[in-house]
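[1] Sequence and computational prediction follow.
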Amino acid sequence: MRSIIRVALIAGVIAFSATAAHAADTVTGLQPASPQPAADQLKPGLSVTYYFNKFNHTREIPEWAKYKDGVQGEPIAMLDYFVGDGDVLTSGRADHVGADIRGYINFPVAGTYTIAMQSNDGVDLNIGGKRVVYDPDVHRDRYSDLVPVVIETPGWYPLRLLYFEKQVTSTVELYWLKPGGGGQLDFVPAEAFGHIPGETPQS
Ligand SMILES: [Ca+2]
């Protein structure tokens, strides 16, 4: 069932790619992690801190975090959550969840990647100090623009994703098309994510 849904969604992204009107401005100047995280420090997936509140905009998550401690969740293996009214990510809750997701993403080769998200509700994705995807308020499932992202140096880049689910259905998916890839976006795979337990990388 899930694979059928996934095919349909990827088909939707491909449909977007056929229309230049949905292409976003190219994002450049991303800074790789310096120093690069050591392989023996990195654990799979992304770290996540949850904040339980009825958010309406991603900017409210760090504001809320100034006054209320979050709850550390189980790491997120990859961003392929299309769960309807089920639990939000690894939070164990279905509604009123904010997530501050951090870690590293590995770009294996230099070149221009195409990055896109589907979200419900808001997302604010920053990589290597640059905002890549920004759809920050309450909405039903929808795709971002296709964002061309120039990577000059292969390797690990700090990633921060602010995400919240207000109520009912939730979705958070991250897609890419690698340089020279053939027309089809796919989920960013689990091996492209890592985190160092206890560390808060800045991006
Ligand atoms: Ca929702």
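    Yes, it's here.
[2] Is Val149 bridged to anything, and to what?
    Val149 has these beta-bridge partners by DSSP bridges: Val27, Tyr113.
[3] Okay, strands next: where are they in this structure?
    43-44, 47-52, 71-72, 80-82, 97-107, 111-120, 123-127, 130-135, 142-143, 147-151, 155-165, 171-177, 186-187, 193-195 (DSSP state E).
[4] Reformat those as a markdown table; add mean pLDDT.
    Below are these laid out as a markdown table (pLDDT from 0 to 100):
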| stretch | mean pLDDT |
| --- | --- |
| strand 43-44 | 98 |
| strand 47-52 | 97 |
| strand 71-72 | 96 |
| strand 80-82 | 97 |
| strand 97-107 | 98 |
| strand 111-120 | 97 |
| strand 123-127 | 98 |
| strand 130-135 | 98 |
| strand 142-143 | 96 |
| strand 147-151 | 98 |
| strand 155-165 | 98 |
| strand 171-177 | 98 |
| strand 186-187 | 96 |
| strand 193-195 | 98 |
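[5] May I see those organised as TSV, with distance to Thr26 and mean neighbour count added?
    For every residue, glycine as well, the C-beta is placed using N, CA and C. Shown next, in TSV, are the strands of the chain (distance: least, C-beta to C-beta, whole Å; neighbours: other C-beta atoms under 10 Å):
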stretch	distance to Thr26	mean neighbour count
strand 43-44	30	14
strand 47-52	29	20
strand 71-72	35	12
strand 80-82	25	20
strand 97-107	15	24
strand 111-120	7	22
strand 123-127	14	24
strand 130-135	11	19
strand 142-143	18	16
strand 147-151	4	19
strand 155-165	16	25
strand 171-177	14	23
strand 186-187	21	15
strand 193-195	23	24
